[in-house]
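A.B. asks: Sequence first, predicted model second:
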Amino acid sequence: MAKLEKITKEEKYFDDVKTEYDQLKSKLDAHKKDDLKKFKNEILILLESEIISRYYYQTGAIAYSIKNDPQINSAIKTINDIELYRSILSGIKK
């Protein structure tokens with residue numbers, strides 16, 4: 001938005017689009033406030049990962065990512081479900 005404002009001021013168009021610019025800026029600002037709530041889970045995962053890697057380095061980051069990896073969790077569930085595991089190994093769809 002700052003870049004847009006700068007360019008339009010340089011090209012002397014800002015006065016013509018000021019009302020639209022202000023409306024767009026206010027809408028974007030309102031959405032920014034909601035982004036913390038909307039992306040809370042993703043933000044928490046990134047923060048946790050960053051904190052762990054800072055204190056426990058690569059080993060901690062790997063252990064954390066393994067614990068929270070949906071594919072690994074799915075594989076563990078499959079291995080623990082003996083019927084599903086055997087059906088996969090035999091080629092019979094469950």
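C.D. replies: Nice, thanks for sending it over.
A.B. asks: what helix or strand is the spatially most central residue of the chain on?
C.D. replies: Centre of the chain computed as the mean C-alpha position; nearest residue by C-alpha atoms, centre = their mean is residue 42, 4.2 Å away. When secondary structure is defined by DSSP states H and E, residue 42 falls within helix 40-67.
A.B. asks: Could you point out which residue ranges in this protein have low pLDDT?
C.D. replies: The chain contains residues with pLDDT under 70 at 93-94.
A.B. asks: Could you name the residue of the chain that is farthest from its center?
C.D. replies: Checked against the mean C-alpha position of the chain, the extreme residue using C-alpha atoms, centre = their mean is residue 12, at a distance of 38.4 Å.
A.B. asks: and the gap between it and residue 1?
C.D. replies: 18 Å (C-beta to C-beta, to the nearest Å). Yep, even glycine has a C-beta here, placed from its N, CA and C like the rest.
A.B. asks: just residue 30 next, same as before
C.D. replies: According to C-beta to C-beta, residue 30 stands 13 Å off from residue 1.
A.B. asks: Residue 23 too?
C.D. replies: Distance from residue 23 to residue 1, counting by C-beta to C-beta: 12 Å.
A.B. asks: now do residue 70
C.D. replies: The span separating residue 70 from residue 1 equals 36 Å under the rule C-beta to C-beta.
A.B. asks: before we move on, what about residue 38?
C.D. replies: When C-beta to C-beta is the yardstick, residue 38 and residue 1 sit 20 Å from each other.
A.B. asks: do residue 72 as well
C.D. replies: Separation of residue 72 from residue 1 (C-beta to C-beta) stands at 41 Å.
A.B. asks: What is the neighbour count of residue 61?
C.D. replies: Using other C-beta atoms under 10 Å, the number of residues around residue 61 comes to 17.
A.B. asks: so who does it touch?
C.D. replies: Contacts for residue 61 (C-beta atoms under 8 Å, 6 or more residues apart in numbering) come out as 49, 52, 53.
A.B. asks: ok, of the residues you listed, which come out buried?
C.D. replies: Buried positions within the contacts of residue 61, assessed by neighbour count (16 or more other C-beta atoms under 10 Å), are 52, 53.
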